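[1] sequence and predicted structure are below.
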Amino acid sequence: MKLKDLLVKEEKQQVNEVDYSTMRLKSNIDQKWDSTDTMMDDMRQWIGASVQASGAEMGKDLADALKLMMNFAEGESKTAGR
């Protein structure tokens, strides 16, 4: 299942497809990550490699950045539910 095909749990309606052509993404994450499990596995590997290459401080920086993104995602899900 692609991320754009996920359903909103409360309303059981399909989420509107995002027009990625208007974004400046460096990768096509919608095509690469077919599930949240795949996304999380890729992120675990990427975080591990980044910390090995750059040190423990990078791990702390990534953790802080991911906390911000978690808050952003929670806000987006609340906005979408209105």
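    Yep, it's here. Numbers count the residues shown, from 1 in each chain.
[2] C-alpha from now on. contacts and neighbour counts both.
    Fine.
[3] before we move on, what SS does residue 27 have?
    coil (DSSP: H, G, I helix; E, B strand; the rest coil).
[4] what's the neighbour count on it?
    8 (other Cα atoms under 10 Å).
[5] which parts of the helix or strand containing residue 51 are buried?
    Assigned by DSSP states H and E, residue 51 falls within helix 36-54. Judged by neighbour count (16 or more other Cα atoms under 10 Å), helix 36-54 contains these buried residues: 47, 51.
[6] quick one: mean pLDDT for it?
    The pLDDT scores in helix 36-54 average 89.
[7] now for that helix, which elements pack on it?
    Applying 3 or more Cα pairs under 8 Å, 6 or more residues apart in numbering; DSSP states H and E, one finds that helix 36-54 contacts helix 56-80.
[8] what's the angle from the helix it packs on to helix 36-54?
    Using axes from the mean of the first three to the mean of the last three Cα atoms, to 10 degrees, the inter-axis angle of helix 56-80 relative to helix 36-54 is 150 degrees.
[9] contacts made by the helix holding residue 51 with the rest, please.
    3, 33, 57, 58, 59, 62 (Cα atoms under 8 Å, 6 or more residues apart in numbering).
[10] where in the chain is pLDDT low?
    1-21, 23, 25, 28-32, 82 (pLDDT under 70).
[11] Serialize the contacts of helix 36-54 to JSON lines and add fields for distance to residue 79.
    Listed next are the contacts of helix 36-54 as JSON lines, based on distance: Cα to Cα, whole Å:
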{"residue": "3", "distance to residue 79": "18"}
{"residue": "33", "distance to residue 79": "23"}
{"residue": "57", "distance to residue 79": "33"}
{"residue": "58", "distance to residue 79": "31"}
{"residue": "59", "distance to residue 79": "30"}
{"residue": "62", "distance to residue 79": "25"}
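[12] and which of those is nearest residue 81?
    Residue 81 lies nearest to residue 3 out of the contacts of helix 36-54, by Cα to Cα, at 16.8 Å.
[13] circling back: which two in the contacts of helix 36-54 are spaced the farthest apart?
    Farthest pair in these, by Cα to Cα: 3 and 57, 31.1 Å.
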